[in-house]
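Q: Predicted coordinates and the sequence they were generated for:
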Number of protein chains: 2
Amino acid sequence: MSSIEAILSRADKEFDQSIARLFELMRIESVSADPACKNACFEASEWVRQILCNIGFNVSVYATAGHPIVLGHYRPAESCAGPHLLFYGHYDVQPPDPLDLWERPPFDPYIGSLNGQDCIVGRGACDDKGQMMTFIEAMRVIKQETGDLPLKITVIVEGEEEILSPSLGGFLAAHRELADVDYALICDTNMWDAKTPAITTRLRGTLSEEIVVTGPDCDLHSGSFGGTVINPIQALTHVLGRLHTDCSRVNVPGFYDGISDLPAAIKTEWNNLIFDETEFLSDTGLNRAFGEPEYTVLERLWARPTLEFNGIFGGYSGEGLKAIIPSKAGAKITCRLVPGQNPEAVRTKIRAFVVDKLPDGVTAEFLGGEACSAVEIDVGAEVFSRIKTELTSEWGKPAAMIGCGGSIPVVQSFQNLLGIDSILIGFGLADDATHSPNEKYNLKCFRGGIRSWVRILTSVATMANTTFEK
Amino acid sequence: MSSIEAILSRADKEFDQSIARLFELMRIESVSADPACKNACFEASEWVRQILCNIGFNVSVYATAGHPIVLGHYRPAESCAGPHLLFYGHYDVQPPDPLDLWERPPFDPYIGSLNGQDCIVGRGACDDKGQMMTFIEAMRVIKQETGDLPLKITVIVEGEEEILSPSLGGFLAAHRELADVDYALICDTNMWDAKTPAITTRLRGTLSEEIVVTGPDCDLHSGSFGGTVINPIQALTHVLGRLHTDCSRVNVPGFYDGISDLPAAIKTEWNNLIFDETEFLSDTGLNRAFGEPEYTVLERLWARPTLEFNGIFGGYSGEGLKAIIPSKAGAKITCRLVPGQNPEAVRTKIRAFVVDKLPDGVTAEFLGGEACSAVEIDVGAEVFSRIKTELTSEWGKPAAMIGCGGSIPVVQSFQNLLGIDSILIGFGLADDATHSPNEKYNLKCFRGGIRSWVRILTSVATMANTTFEK
């Protein structure tokens, strides 16, 4: 039996232990958004520290203004030629609300059956405790089977990903030595489908903005003033209602500036993916997709920018009637951006459009918000072809090179602060309900994830350093 | 000394007692919107019953699903030729919130000084306890001075006016004998200014509507779905942003159907009123009026209809960011209507416009809401010329014939259910803060109000019945 097969065999034999360890972590209520869970977040960081120590990592836990960041280093006993990898994960989870929709308590994990698939069920089953543990368990079985890890590995596990990682940027800026890393690995994305592994090579960026329009100083009686003062909801909807043409294209001049046509090769690759629009929309209650008709649904999702209203507010929204002209009205906006768009330039254009269209008599205030550029990963490097090969071996199907409509700000932080490219491989599925009740992670995904990382780490370790050194 | 002067002299001499009685009523926390004040509302109804009994009324207190309605009848000892008058008032008041903005507790009335004017301060000082008591005190002094009242008077005092009078319609429908009344008197409006009395001859109607637009069944992640599903806030603002042209005229086809030009005489009368736009806007923070440029501000307020957004809601409106495509978005709308507009026809037109402009992929639901027509009172009858004469005598200036931008639904109920015209005379001022902290009623208004009613009742009692009988 070759070394790799012995390791995979051990991963299978010890899979029950892997589940048991994941359950231990899932029982810790590390909800980063909930101040009542602060102690649990510390407990989870300590749990991660311990499990990395057990593998032989040299681990430090860094205090932050919020929850601790765990930083572990592994240096192989013998010098190795392969790249230095940085694995990033997070031990915090989303709040479990609404609790009454869970079939069992969210922090009491169990193995259940869903659509004939055995799944781990509980908050964090996938995002990101389950996904993170695929990598940690892979390292554990390699170490146990071979006595060492085959390359330099650094691990960062934070506890604030679900609240937008407020401490991570400062931490990375203070640890410039991490720039020594060759590639970051992130296991927080999905497979293409339950049988097809995937590497995510494009992420949309994000730009968030909040607009507040003010008319009168205070709410006014609509009988006493109606017809003689401007209504800020009227002014706001006048502007917002003109931000899109025919409801599908963004109407802000220059919004699409800098965007290149999608390369034909990527177009072809995406067209070859079997995309089921009905299944995609199955939990939305909608019967057909919407959007720019000249693009496929996947292109709209992965390669086209959006301007989306996340919330709108103003005046009275309780039961019944309150006949007022409100003082204020506002809206929260998030743009999803694609490569070529500069977030702050887009922000400037949106603000100019709003100011231009705003009726006289009201004022607009812009509260700003987060921004990060889109990411496009160059998949020409050898590491990608090796990873594709290993994923194909494990799953019996070629790995899909896919996009992602969302943003993973840490990828941009690694690029901007440390100059590191990220490799996004995850084993989640679209129906994992990651931020919802009854979050799950298929047992096949958990097992296949561990086995995939075993293969990938083993293969990448044998790369000649001429193929990756910066 | 003539009889009328003796009565007015008594009113002045006993004015301190009138204030003391009003204070008694103001100390009762009869906030109709607050279930905790239910007992106080009963207490206030009992207080009103007692004060009417003291004057010699035959009083019944009617239970309703909410707060009691007090109904009192006075029949003069000797038969009289004058009209049968119905006085309407309400003993309930608005909630006192926000409490921290009151200079003294809202239900502990006192006499304070504001801009050099002595005022009664406290919740209900004007609306409607103070205004109602001008009429009741007028009756009291007439009775005490002359031993009788000079005409048939019926009094209705309800306790749900501030919550839209849910019980009053049913009560009136069950008391058709009230149709015997010749005129209703309502003391719940304002003077033109602190020196100029007014009769309100036009009220705008009301039409309220709530629109809820639904896109996906549940909130969706804007990264996972953005660009491929329709955003209901986008759809809603697309429609709402087109309900007005250039932000001043309503863009719904047929909205203005049926509206006649304002008669030249009324236009002239309103133009002759000294209207100070700066003072009108003084508490709004706005420096100029808005609206249809071809109409004066008073015409926009009293004679032009509006379509006003009272509230808008949808998605996430808390702190920070939530990158969702919301499932629903909605808006609350109130139209102010003018004579000639049929409320339900206007509703139908607005709904048709919304449905027509709504993008595909979302659905709109209309929740409806209250409606009442505008009121235009024919001031040609003799009773109006008599009242004008008496108000001029009391205040030393001719009474202004004014409009009101708001609605008083009871006026429509009296017309529709009983066939009675209403006469709207009030002694409030624009700065009385009737629904706000530190509500006040000028002592001059309270005293002048009592004296005005003494004059009016005395004069109207001598009208020949040929001038008012139906």
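A: Alright, I've got the coordinates.
Q: Would you mind giving the domain segments of chain A?
A: Domains of chain A are assigned by automatic domain parsing as A:3-203+A:376-467, A:205-259+A:305-372.
Q: how about stretch A:279-296: buried residues?
A: A:280-281, A:284, A:286, A:289-291, A:295-296 (16 or more other C-beta atoms under 10 Å in any protein chain shown). Yep, even glycine has a C-beta here, placed from its N, CA and C like the rest.
Q: Can you add distance to A:A138 and secondary structure and give those back as TSV?
A: Formatted as TSV, these follow (distance: C-beta to C-beta, whole Å; DSSP: H, G, I helix; E, B strand; the rest coil):
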residue	distance to A:A138	secondary structure
A:F280	31	helix
A:L281	35	coil
A:T284	35	coil
A:L286	39	coil
A:A289	37	coil
A:F290	40	coil
A:G291	39	coil
A:Y295	38	coil
A:T296	35	coil
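Q: Turn these into a markdown table, including distance to chain B.
A: Below are those laid out as a markdown table (distance: C-beta to the nearest C-beta, whole Å):
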| residue | distance to chain B |
| --- | --- |
| A:F280 | 8 |
| A:L281 | 7 |
| A:T284 | 4 |
| A:L286 | 6 |
| A:A289 | 5 |
| A:F290 | 4 |
| A:G291 | 5 |
| A:Y295 | 8 |
| A:T296 | 10 |
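Q: what two of the residues you listed are the furthest from one another?
A: Using C-beta to C-beta, the two most remote members of the buried residues of stretch A:279-296 are A:T284 and A:Y295, lying 18.9 Å apart.
Q: ranges for the strands of the stretch 151-300 of chain A?
A: Under the criterion DSSP state E, counting those that start in this stretch, the stretch 151-300 of chain A contains strands at A:153-158, A:183-186, A:198-203, A:205-214, A:220-221, A:244-245, A:249-250.
Q: Tell me which of these approaches chain B most closely.
A: Judged by C-beta to the nearest C-beta, the one of the strands of the stretch 151-300 of chain A that comes nearest to chain B is strand A:205-214, at 5.0 Å.
Q: mean confidence score for the closest one?
A: In this model, strand A:205-214 carries a mean pLDDT of 96.
Q: Listing partners with orientation, what would you give for that strand?
A: Strands that pair with strand A:205-214, judged by DSSP bridges, come out as strand A:328-337 (antiparallel), strand A:363-366 (antiparallel), strand A:371-372 (antiparallel).
Q: Of all those strands, which one is nearest B:L358?
A: strand A:328-337 (18.8 Å).
Q: Only alpha carbons, please: show that closest one as PDB.
A: The C-alpha trace of strand A:328-337 is given here as PDB (Å, rounded to 0.1, in the frame of the first residue of the first chain):
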ATOM      1  CA  LYS A 328     -36.500  61.100   7.200                       C
ATOM      2  CA  ALA A 329     -36.300  58.200   4.900                       C
ATOM      3  CA  GLY A 330     -33.300  56.000   4.100                       C
ATOM      4  CA  ALA A 331     -32.100  53.000   2.200                       C
ATOM      5  CA  LYS A 332     -29.300  50.500   2.600                       C
ATOM      6  CA  ILE A 333     -27.600  49.500  -0.600                       C
ATOM      7  CA  THR A 334     -25.000  46.800  -1.400                       C
ATOM      8  CA  CYS A 335     -23.400  46.600  -4.800                       C
ATOM      9  CA  ARG A 336     -21.700  43.300  -5.900                       C
ATOM     10  CA  LEU A 337     -18.700  44.300  -8.000                       C
END
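Q: List the buried residues in the next helix or strand after that strand.
A: Downstream of strand A:328-337, the first helix or strand assigned by DSSP states H and E is helix A:343-357. Neighbour-count burial for helix A:343-357, counted by 16+ other C-beta under 10 Å, picks out A:343, A:346-347, A:349-351, A:353-354, A:357.
Q: farthest-separated two in these?
A: Farthest pair in those (C-beta to C-beta) is A:P343 and A:K357. Separation: 21.5 Å.
Q: In JSON lines: the strands of the stretch 151-300 of chain A, plus mean neighbour count.
A: Below are the strands of the stretch 151-300 of chain A laid out as JSON lines (neighbours: other C-beta atoms under 10 Å in any protein chain shown):
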{"stretch": "strand A:153-158", "mean neighbour count": "25"}
{"stretch": "strand A:183-186", "mean neighbour count": "22"}
{"stretch": "strand A:198-203", "mean neighbour count": "24"}
{"stretch": "strand A:205-214", "mean neighbour count": "22"}
{"stretch": "strand A:220-221", "mean neighbour count": "20"}
{"stretch": "strand A:244-245", "mean neighbour count": "15"}
{"stretch": "strand A:249-250", "mean neighbour count": "18"}
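Q: Please read off the pLDDT at the residue in the stretch 301-450 of chain A positioned nearest to chain B from the model.
A: Per C-beta to the nearest C-beta, A:G406 is where the stretch 301-450 of chain A lies closest to chain B, at 2.4 Å. The per-residue pLDDT reported for A:G406 equals 89.
Q: so what's the nearest residue to it once chain neighbours are set aside up against?
A: Excluding the flanking residues, the one nearest A:G406 by C-beta to C-beta, 6 or more residues apart in numbering or on different chains is B:G223, at 2.4 Å. Going by C-beta atoms under 8 Å, 6 or more residues apart in numbering or on different chains, B:G223 touches A:204, A:206, A:336, A:404-407, B:323.
Q: quick revisit: mind putting the domains of chain A into a markdown table with distance to B:D12?
A: Below are the domains of chain A laid out as a markdown table (distance: least, C-beta to C-beta, whole Å):
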| stretch | distance to B:D12 |
| --- | --- |
| domain A:3-203+A:376-467 | 65 |
| domain A:205-259+A:305-372 | 32 |
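Q: quick one: which of those domains is nearest B:T189?
A: So among those, domain A:205-259+A:305-372 is nearest, using C-beta to C-beta, at 11.4 Å.
Q: I'd like to know how many residues surround A:D100.
A: Counted by other C-beta atoms under 10 Å in any protein chain shown, the residues lying close to A:D100 total 6.
Q: That one and A:I51: what is the separation?
A: Relative to A:I51, A:D100 is positioned 33 Å away (C-beta to C-beta, to the nearest Å).
Q: Surely A:D217 touches A:K328?
A: No: with contact defined as C-beta atoms under 8 Å, A:D217 does not count as touching A:K328 (9.8 Å).
Q: Which of those two has more residues huddled nearby?
A: With neighbours defined as other C-beta under 10 Å, A:D217 and A:K328 compare such that A:K328 has more, 20 against 12.
Q: Could you measure from the nearest residue to that one once chain neighbours are set aside over to B:E299?
A: Nearest non-adjacent residue to A:K328, counting by C-beta to C-beta, 6+ apart: A:T214, 5.1 Å away. As defined by C-beta to C-beta, A:T214 lies at a distance of 27 Å from B:E299.
Q: repeat for A:D421
A: 68 Å.
Q: Neighbours of the nearest residue to A:E269 once chain neighbours are set aside, how many?
A: Closest residue in space to A:E269, ignoring its immediate chain neighbours: A:M401 at 5.8 Å, by C-beta to C-beta, 6+ apart. Look at A:M401: counted by other C-beta under 10 Å, it has 20 neighbours.
Q: my guess is A:M401 meets A:I199, correct?
A: Yes: A:M401 is within contact range of A:I199, at 5.6 Å (criterion: C-beta under 8 Å).
Q: tell me, what's touching these two both at once?
A: Both A:M401 and A:I199 are in contact with A:V379, where contact means C-beta under 8 Å, 6+ apart.
Q: roughly how far apart are the closest residue to A:C53 other than its chain neighbours and A:P68?
A: In space, A:C53 comes closest to A:V59 once its chain neighbours are excluded; the distance is 5.4 Å by C-beta to C-beta, 6+ apart. For A:V59, the distance to A:P68 (C-beta to C-beta) stands at 11 Å.
Q: Which one's more surrounded, the two?
A: Higher neighbour count among A:V59 and A:P68: A:P68, with 23 against 20, using other C-beta under 10 Å.
Q: Excluding chain neighbours, give the residue nearest to the more buried one in space.
A: Using C-beta to C-beta, 6+ apart and skipping the chain neighbours, the partner closest in space to A:P68 is A:S45 (4.1 Å).
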